[in-house]
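> Have a look; sequence and predicted model below, questions after that.
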Amino acid sequence: MVDLSTAGVAESGDWVDAVRAQIPATKAAGYFQTGAFGPCTRQVIDRTNELLMLQNQGPANPLYLNVMKEAENSCRPLIAAAMGAHEDEVALTQSTTAGLNTVIWSIDWQRGDEIITSDQEHPALLLPIYNLHQRYGVKYHKAPIGIHKNVVDEVMKRVTTRTRLVAMSHVSRQSGQVVSAQKLASALRERGISLMLDGAQGPGNVPVNFHELGCDYYSMCGHKWLLGPKGTGALLVRKDKLDSTSVSWTGAHAQAEMNAEGDFKWHPDARRYEFATRNQAGFGGWAESLRWLDSIGWENIHDRVSQLSAYASEAIQKSAKFSLVSPSESSRQNGIVVLRLPNGFKGIDLYHRLREKDDMLVSPVDHPRDLRVCLHFFNTESEFDALLGRLEVYCA
Ligand SMILES: Cc1ncc(COP(=O)(O)O)c(C=O)c1O
């Protein structure tokens, strides 16, 4: 764990060196890809490997089974505490996508029903929606959520009597735009419509409090800004929505009880959406990373992300070559900083060049001239300066 007990350490910036020493991926010249895959600490890697070894050496030994179950169970309360949710609102999943599908398929869709999403979504949400359209004739609308749009108005003007669900990113992976979830959720609630947020880019990047956001469902992953192992995620379902959110795909462990006659009861909590043999080693590793982040302090993490984001956004705005796509107001900035390259340059080409020549990892996003630079608390200003310097050279 990082020792932040010495007064002033968190403010002085020394703690950043301490956390970097625990994250092997920071040895690269620039790890700016947390929005795709967050790097794990050495402790998380070791804990996950230890659990995998244990599980695979003696999978049916009750001693090992108990250790694995405990590792899994330790994750739910940590997620609940980090997310401002109740433990019984947390279902562990394998990914953000799995949680999105759990909610989407909880609805008995009828031909002509409607779903509203945004124009900046990941295939994780788009493909389930396109599938609904193809299989059931569900209509979909994409509300534009560009930086200068009023997202609440854009969504509300697309609501009809057939709208069954609004599902969109909490934080856009393409522009860093953050949806004003509270306002949107309350406008939708007045019309009796549920809101699900795709939280893949939220927790760990921006402060998230599930109850304050006011949405009905929040699907998230462990493997990006929360620096957990791959194949970990959670779906948060508001307590008062549990009984009206039907279980669709299911199996062993979703039930609190069942008998040979076919009588059964779901778990009274969100564990009803979990089933089958699961990634318990991953959950044990994720629990380790959540404890570690908590020991650093969520406020320290978010303050640091805001500082870095403001620093990088200003540098991009000052440069003659690049323009800033992500928000320019400091109150709306977060770890997703997106810059637009000059005419004639492509994000995908620069991504390859930086990776191959400079050991720097950034992400191309949907607009062909955009590059996404993810800045988490372990990144540094000098890493960003070096990145911008290389981009200046390549775009000369
Ligand atoms: C906004 C968004 N949603 C969903 C996903 C997919 O996440 P997962 O792999 O956890 O399903 C991503 C991955 O980049 C994403 O950026």
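That came through, no problem.
> contacts and neighbour counts: CA atoms only from here.
Will do.
> export the biggest helix by length in the chain as PDB, just CAs?
Longest helix of the chain, by residue count under DSSP state H: helix 298-318. Extracted in PDB, the C-alpha atoms of helix 298-318 (Å, rounded to 0.1, in the frame of the first residue of the first chain):
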ATOM      1  CA  TRP A 298     -10.300   8.900  -4.200                       C
ATOM      2  CA  GLU A 299     -10.100  12.700  -3.700                       C
ATOM      3  CA  ASN A 300      -6.300  12.600  -4.300                       C
ATOM      4  CA  ILE A 301      -6.900  10.500  -7.400                       C
ATOM      5  CA  HIS A 302      -9.600  12.800  -8.900                       C
ATOM      6  CA  ASP A 303      -7.700  16.000  -8.000                       C
ATOM      7  CA  ARG A 304      -4.600  14.700  -9.700                       C
ATOM      8  CA  VAL A 305      -6.500  13.600 -12.800                       C
ATOM      9  CA  SER A 306      -8.100  17.100 -13.000                       C
ATOM     10  CA  GLN A 307      -4.700  18.800 -12.700                       C
ATOM     11  CA  LEU A 308      -3.200  16.700 -15.400                       C
ATOM     12  CA  SER A 309      -6.100  17.100 -17.700                       C
ATOM     13  CA  ALA A 310      -6.100  20.900 -17.200                       C
ATOM     14  CA  TYR A 311      -2.300  21.000 -17.900                       C
ATOM     15  CA  ALA A 312      -2.600  18.900 -21.100                       C
ATOM     16  CA  SER A 313      -5.700  20.700 -22.400                       C
ATOM     17  CA  GLU A 314      -4.000  24.100 -22.000                       C
ATOM     18  CA  ALA A 315      -0.900  22.900 -23.800                       C
ATOM     19  CA  ILE A 316      -3.000  21.600 -26.700                       C
ATOM     20  CA  GLN A 317      -4.900  24.800 -26.900                       C
ATOM     21  CA  LYS A 318      -1.700  26.800 -27.000                       C
END
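> Check which residues of it are buried.
For helix 298-318, the neighbour count (16 or more other Cα atoms under 10 Å) marks 298, 300-310, 312-313, 315-316 as buried.
> give me the number of residues near Asp263?
By other Cα atoms under 10 Å, the residues close to Asp263 number 8.
> same thing with the one 3 residues further on?
Under the neighbour criterion other Cα under 10 Å, Trp266 is assigned a count of 17.
> change the start of the numbering to 393 and stick with it
I'll keep to 393 as the first residue from here, and by that count the last item is Trp658.
> ok, what's across the strand from it?
For Trp658, the residues forming beta bridges with it (DSSP bridges) are Gln647.
> OK, contacts around it?
Neighbouring residues of Trp658 by Cα atoms under 8 Å, 6 or more residues apart in numbering: 646-649, 664.
> For those, name the two members farthest from one another.
Largest separation among the contacts of Trp658 by Cα to Cα: Glu649 and Arg664, giving 11.2 Å.
> for the longest helix of the chain, packing partners?
Packing contacts for helix 690-710, counted by 3 or more Cα pairs under 8 Å, 6 or more residues apart in numbering; DSSP states H and E, involve strand 715-716, strand 728-732, helix 773-786.
> If we use 10 Å, what do you get?
For helix 690-710, the packing partners by 3 or more Cα pairs under 10 Å, 6 or more residues apart in numbering; DSSP states H and E come out as helix 401-404, helix 406-413, helix 672-688, strand 715-716, strand 728-732, strand 762-766, helix 773-786.
> Now do that helix against helix 406-413: the angle between them, please.
Orientation check (axes from the mean of the first three to the mean of the last three Cα atoms, to 10 degrees): helix 690-710 against helix 406-413 gives 90 degrees.
> how distant is helix 690-710 from the center of its chain?
The chain centre lies 19 Å from the centre of helix 690-710; the measure is Cα atoms, centre = their mean, to the nearest Å.
> I am finished for the moment; much appreciated.
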